[in-house]
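# take a look and give me a structure for this.
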Amino acid sequence: MATKQPFKILLACAVFAATMSPATQAQTTCPSDAICRDDLAPGKYSERGPYGYDSYSMPLFSTPGGATVYYPEDAKPPYSVMVFCPPYLTQQIGFREWGPFFASHGIVTVLMDTTTIYDQVDSRSDQQAEVLDAMKLEHTRRDSPLLGNLDLNRFGVIGWSMGGGASWINSVEYPKLRSAVTLAGHNQTSLDPDSRGRNTRIPTMIFNGALDTTILGGLGQSDGVYDSIPAGTPKAFYEVASSGHFDWGYPTQANDYVAELALAFQKAYLDGDLRWTPFIERPRFDVSEYEEEDIPN
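Numbering: from 1, shown residues only. As a prediction, this is how the structure comes out:
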């Protein structure tokens, strides 16, 4: 009888796993329609990745204020694309390290400028949408370094402060986006109700700092969007205990967990490689608040 007990335990575990809902099961194999890279195992990464990267400026007048494209040189295409929208009063130099970070992990990252540094949230969302459109043309532009190398079904947005508010708007209004990541997002001066989260239906990762207590990114703006995103939409919210509004200029400025979570989230939902979802989890330290819903563990 004793020799049969381990078999019974294994059988019970197998039955339990088979009856788990999809929302509670992490993917163990690469989904057929995803971008998966065998030379970059799912995990927690806060430093630059294994791929070399290069960059180029978008063609003149193709974007509202100019944009720089960071792309992997030696990762196998196709590539997903994300467009980073800046904060108020800030140009690309203020967040340029995000480009090499994601590109060295296999994701094309576009750092954009707005027409002026004073443009408001709603205008920034329109301009971010224009850059997304322009990047789709890079797939077919004859002189593009990315000619034929983009997955046009895997575009996402990322933004800081007013750029975060713009990304919240585009998470609703720009067709067929795969993911949104926001850093100390601001929506209080936006007139567009889609900046509030109620109509968001794409996976969204929201970062904020507990020391960010002003209209810039505080006053519950990030919390409010997270709470408003409807049930059934994968979402996560990390409020960093030690950080304020200006701690998002590079991936590890707030702490290493931000880089790890942002990469895992974009790998899981922008690239579609759900083997990364177990690494979207509560950090061990420096947490004021952490919540997530509908993310397989």
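# for I117, see how far away Y226 is.
For Y226, the distance to I117 (C-beta to C-beta, to the nearest Å) stands at 28 Å. The way it works is simple: take the backbone N, C-alpha and C, and place the C-beta from them, glycine included.
# who has more neighbours, the two?
Y226 (26 against 14; other C-beta atoms under 10 Å).
# quick check: closest non-adjacent residue to the more buried one.
F237 (4.1 Å; C-beta to C-beta, 6 or more residues apart in numbering).
# same question for that neighbour, what's its three-state structure.
State at F237, reduced to three classes by DSSP: H, G, I helix; E, B strand; the rest coil: strand.
# for it, name its beta-bridge partners.
I206, E291 (DSSP bridges).
# count of residues packed around it?
F237, neighbours per other C-beta under 10 Å, totals 21.
# local confidence estimate at it?
pLDDT recorded at F237 is 98.
# and S222, by the same measure?
You'll see S222 listed with a pLDDT of 98.
# name the helices or strands packed onto the helix or strand encompassing it?
Using DSSP states H and E, S222 sits in helix 221-228. In terms of contacts (3 or more C-beta pairs under 8 Å, 6 or more residues apart in numbering; DSSP states H and E), helix 221-228 is packed against strand 204-209, strand 235-240.
# just so I know, which of the ones you listed lies nearest V110?
Closest approach to V110 among those is made by strand 204-209 (18.1 Å; C-beta to C-beta).
# now the angle from the closest one to strand 235-240?
10 degrees (axes from the mean of the first three to the mean of the last three C-alpha atoms, to 10 degrees).
# which other residues reach strand 204-209?
For strand 204-209, the surrounding residues in contact (C-beta atoms under 8 Å, 6 or more residues apart in numbering) are 168, 171, 179-185, 197, 217-218, 221-223, 225-226, 229, 233-240, 242-245, 247-248, 254, 258, 261-262, 265, 280.
# again with stretch 41-53
By C-beta under 8 Å, 6+ apart, the list of residues contacting stretch 41-53 reads 39-40, 70-75, 99-101, 103-106, 251-252, 256-257, 259-260, 263-264, 267, 273, 275-276, 278-279.
# that stretch: end-to-end distance?
19 Å (C-alpha to C-alpha, to the nearest Å).
# buried stuff in stretch 282-290?
Under the neighbour-count criterion of 16 or more other C-beta atoms under 10 Å, stretch 282-290 has P283, D286, V287 buried.
# pLDDT of that stretch, averaged?
For stretch 282-290, mean pLDDT is 98.
# so that it lines up with my notes, have the first residue be 40 from now on.
Done: numbering now begins at 40, and the last item shifts to stretch 321-329.
# chain center to it, what's the gap?
Taking C-alpha atoms, centre = their mean, to the nearest Å, the mean C-alpha location of stretch 321-329 is offset from the chain mean by 18 Å.
# extract the C-alpha set from the longest helix seen in the chain and format it as PDB.
Longest helix of the chain, by residue count under DSSP state H: helix 160-177. The C-alpha coordinates for helix 160-177 follow below in PDB (Å, rounded to 0.1, in the frame of the first residue of the first chain):
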ATOM      1  CA  VAL A 160      -1.800  65.300 -22.000                       C
ATOM      2  CA  ASP A 161      -4.400  65.100 -24.700                       C
ATOM      3  CA  SER A 162      -2.100  66.600 -27.300                       C
ATOM      4  CA  ARG A 163       0.600  64.200 -26.200                       C
ATOM      5  CA  SER A 164      -1.700  61.200 -26.800                       C
ATOM      6  CA  ASP A 165      -2.400  62.400 -30.300                       C
ATOM      7  CA  GLN A 166       1.300  62.800 -31.000                       C
ATOM      8  CA  GLN A 167       2.100  59.400 -29.500                       C
ATOM      9  CA  ALA A 168      -0.500  57.900 -31.900                       C
ATOM     10  CA  GLU A 169       1.300  59.600 -34.800                       C
ATOM     11  CA  VAL A 170       4.600  58.000 -33.800                       C
ATOM     12  CA  LEU A 171       2.900  54.600 -33.600                       C
ATOM     13  CA  ASP A 172       1.600  55.100 -37.100                       C
ATOM     14  CA  ALA A 173       5.000  56.300 -38.400                       C
ATOM     15  CA  MET A 174       6.700  53.200 -36.900                       C
ATOM     16  CA  LYS A 175       4.300  50.900 -38.800                       C
ATOM     17  CA  LEU A 176       5.600  52.500 -42.000                       C
ATOM     18  CA  GLU A 177       9.200  51.600 -41.000                       C
END
